[in-house]
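Undergrad: When you get a sec, could you give me coordinates for this:
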Amino acid sequence: MSEPTQSRPAGLTPVLRTKLSALMFLEFFVWGAWFVTLGTYLAGELGASGSQISLAFLTQSLGAIIAPLVVGLVADRFFPAQKVFGVLHLVAAVMMFLAGRADAFGPFFVAALVYMVLFMPTLALANSISFNQLRDPEKQFPAIRVFGTLGWIVAGLIIGWLGWEQGGRLELTFVMAAAGSALLGVLAFFMPDTPPRGRGRQGSVGQLLGLDALGLLKSRSYLVFFVSSVLICIPLAFYYNFTNLYLNEIGVRGAAAYQSLGQMSEALFLLAMPFLLSRLGFKKTLLIGMLAWGLRYVLFGFGDTGSLFWMILVGLVLHGICYDFFFVAGQIYTDKFAPAHVHSSAQGLISMATYGVGLLIGSLISGPVVDAFATADGHRWTTVWLVPAVLAVLVAVFFLALFREDAGIRETAPRGPGVGSRTS
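TA: Okay, the predicted model is just below:
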């Protein structure tokens, strides 16, 4: 069965490459500007418990679950993706500023929840805007996406350089994120047009909401990939929610700056992704990513700030493999698998699986686990980290046993200038 031919640009001009790179840079700068140090901020400034910290991170998951509805209903059906993206970021900037001014956990949670409902759809929209301009996403997208990683790195280095963690000034991270979000909202209106591919298509209410992307789950291989994406995010929640608190608690100065080592590694592996995917294929690449999560938690569990500090550093550097080999490779796999008219919905679907359902479950589990191993002067971190290590290995075994390579992937036909098609 053939999909309708879709028009793509003849190539990436320097101006277009710069615009897409800036979009990715700011998208992840805004996220990293406040999210990395959130646990430390809540514990130190608002006196939050482990369960409350997890509840705050859970706002991300709720936003991601809503994201496919926003993307499917608006970007795939009615309005250009770049305009939806811009409006969401402009409103999100206001909510981010309000979150930083909250003086108690309750008001903070409300502001953060509204912010995440607005922000999470923009992750899928950023991918859709980029993929719409690329003739060969598998080879071209990593070079664009790497600027998102650089944005996250720069945010962490700024926090470390200005000493906001040690100086008790982490409320300024919310101001920085709000300013970045406002700038990104304006920039979006100067991005290339990404029209709704499903405009004029007739369908059910579910299709109008973008839920036709759920049809991808009829494939056993994509279903296994989807379920694995949900499950691997349960141990991932431990990293997002508590790594910065862990590093600060054991006495690592400039923890956010050290955490940027992970994004530096991520940037290098992103650039190598086209080569790695062509040599390893999707199954081996995704499997390596899952196993790397288990290894990193073991290293965290047995490392310290003394002679074994190298273990913590290696665990942080492994982020490049952990994230790129599963999440970025998964986004590319989804783009190759999905029909053209549900590209945005499909990206929203996989965001829902990972940042939504998976991290939601992970947040509900990680907070009580951390609280269970609290001590008078901190936490028994070795025991805490071994829990997600075991979970990651179990998910990898599940994926290895059931996923079939190349099942249902659409081969990209040779394209003339500006023209491409996907066939099944």
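
Undergrad: name the element S61 belongs to?
TA: helix 50-70 (DSSP states H and E).

Undergrad: helices or strands up against that helix?
TA: Judged by 3 or more C-beta pairs under 8 Å, 6 or more residues apart in numbering; DSSP states H and E, the packing partners of helix 50-70 are helix 38-45, helix 105-131, helix 220-249, helix 343-351, helix 359-372. The way it works is simple: take the backbone N, C-alpha and C, and place the C-beta from them, glycine included.

Undergrad: Tell me which helix or strand comes right after the last one.
TA: In this case it means helix 359-372. Criterion used, DSSP H and E; the element after helix 359-372 is strand 374-375.

Undergrad: partners of that next one, with directions?
TA: strand 378-379 (antiparallel) (DSSP bridges).

Undergrad: Can you pull out the low-pLDDT segments for this structure?
TA: 1-11, 67-78, 196-212, 344, 348, 406-424 (pLDDT under 70).

Undergrad: any chance you could map the strands in it?
TA: For the chain, the strands defined by DSSP state E occupy 6-7, 374-375, 378-379, 419-420.

Undergrad: Spatially nearest residue to the spatially most central residue of the chain, not counting backbone neighbours?
TA: Nearest to the geometric centre of the chain sits Y355, at 6.5 Å (C-alpha atoms, centre = their mean). Distances taken as C-beta to C-beta, 6 or more residues apart in numbering place A64 nearest to Y355, at 3.7 Å, with adjacent residues excluded.

Undergrad: thinking again about what came up before, for the residue nearest to the centre of the chain, give its distance to F119.
TA: With the distance defined as C-beta to C-beta, to the nearest Å, Y355 ends up 10 Å from F119.

Undergrad: overlap in contacts of the two?
TA: Residues within reach of Y355 and of F119 at once, by C-beta atoms under 8 Å, 6 or more residues apart in numbering, are G63.

Undergrad: Now L46: closest residue in space that isn't a chain neighbour?
TA: Per C-beta to C-beta, 6+ apart, closest to L46 is F105, 5.1 Å.

Undergrad: State whether that neighbour and S49 are indeed in contact, as I suppose.
TA: No - applying C-beta atoms under 8 Å as the test, F105 and S49 come out as separate, 9.3 Å apart.

Undergrad: Look at the two and report which has more neighbours.
TA: More crowded of F105 and S49, by other C-beta atoms under 10 Å: F105, with 19 against 16.

Undergrad: Report the separation between that one and F174.
TA: Taking C-beta to C-beta, one finds F105 at 15 Å from F174.

Undergrad: quick one: contacts for the spatially closest residue to L184 that is not a sequence neighbour?
TA: Nearest residue to L184, sequence neighbours excluded (C-beta to C-beta, 6+ apart): L26, at 4.2 Å. L26 is in contact with G151, G180, L183, L184, L187, counting by C-beta under 8 Å, 6+ apart.

Undergrad: Just the C-alpha atoms of stretch 228-240, please, in CSV.
TA: The C-alpha trace of stretch 228-240 is given here as CSV (Å, rounded to 0.1, in the frame of the first residue of the first chain):
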residue,chain,number,x,y,z
SER,A,228,9.7,-1.3,26.1
SER,A,229,9.7,2.5,25.8
VAL,A,230,7.2,2.7,28.6
LEU,A,231,9.0,0.2,30.8
ILE,A,232,12.6,1.7,30.3
CYS,A,233,11.3,5.0,31.5
ILE,A,234,10.5,3.6,34.9
PRO,A,235,14.2,3.3,35.8
LEU,A,236,14.8,6.5,33.9
ALA,A,237,12.7,8.4,36.4
PHE,A,238,15.2,7.7,39.1
TYR,A,239,17.9,9.5,37.1
TYR,A,240,15.8,12.6,36.2
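
Undergrad: Flag every buried residue along it.
TA: If you call a residue buried by 16 or more other C-beta atoms under 10 Å, then stretch 228-240 has these buried ones: 228-240.

Undergrad: Same list, those, but as JSON lines with distance to G306 please.
TA: Shown next, in JSON lines, are these (distance: C-beta to C-beta, whole Å):
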{"residue": "S228", "distance to G306": "37"}
{"residue": "S229", "distance to G306": "37"}
{"residue": "V230", "distance to G306": "37"}
{"residue": "L231", "distance to G306": "35"}
{"residue": "I232", "distance to G306": "31"}
{"residue": "C233", "distance to G306": "32"}
{"residue": "I234", "distance to G306": "31"}
{"residue": "P235", "distance to G306": "26"}
{"residue": "L236", "distance to G306": "28"}
{"residue": "A237", "distance to G306": "28"}
{"residue": "F238", "distance to G306": "23"}
{"residue": "Y239", "distance to G306": "22"}
{"residue": "Y240", "distance to G306": "26"}
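
Undergrad: Distance check, V186 against L391.
TA: 41 Å.

Undergrad: Which of the two has more residues huddled nearby?
TA: Between V186 and L391, counting by other C-beta under 10 Å, L391 is the more crowded of the two (21 against 12).

Undergrad: show me what contacts the nearest residue to that one once chain neighbours are set aside?
TA: Counting by C-beta to C-beta, 6+ apart, P235 is the residue found nearest to L391 once chain neighbours are left out, at 4.4 Å. Residues in contact with P235 (C-beta under 8 Å, 6+ apart) are W293, G294, Y297, G362, V387, P388, A389, L391, A392, V395.

Undergrad: quick one: which of those residues is nearest to K139?
TA: W293 (26.2 Å; C-beta to C-beta).

Undergrad: That closest one against A392, yeah?
TA: Yes - counting by C-beta under 8 Å, A392 is a contact partner of W293 at 4.0 Å.

Undergrad: Name the residues contacting each of these two.
TA: I232, P235.

Undergrad: residue contacts, the closest residue to F174 other than its chain neighbours?
TA: Spatial nearest neighbour of F174, excluding adjacent residues (C-beta to C-beta, 6+ apart): G100 at 2.6 Å. For G100, the contact set (C-beta under 8 Å, 6+ apart) comprises W34, E171, L172, T173, F174, V175, A178.

Undergrad: Selection in PyMOL covering whichever of the residues you listed are buried, please.
TA: Those of the contacts of G100 that count as buried under 16+ other C-beta under 10 Å are selected in PyMOL with:
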select buried, resi 34+171+172+173+174+178
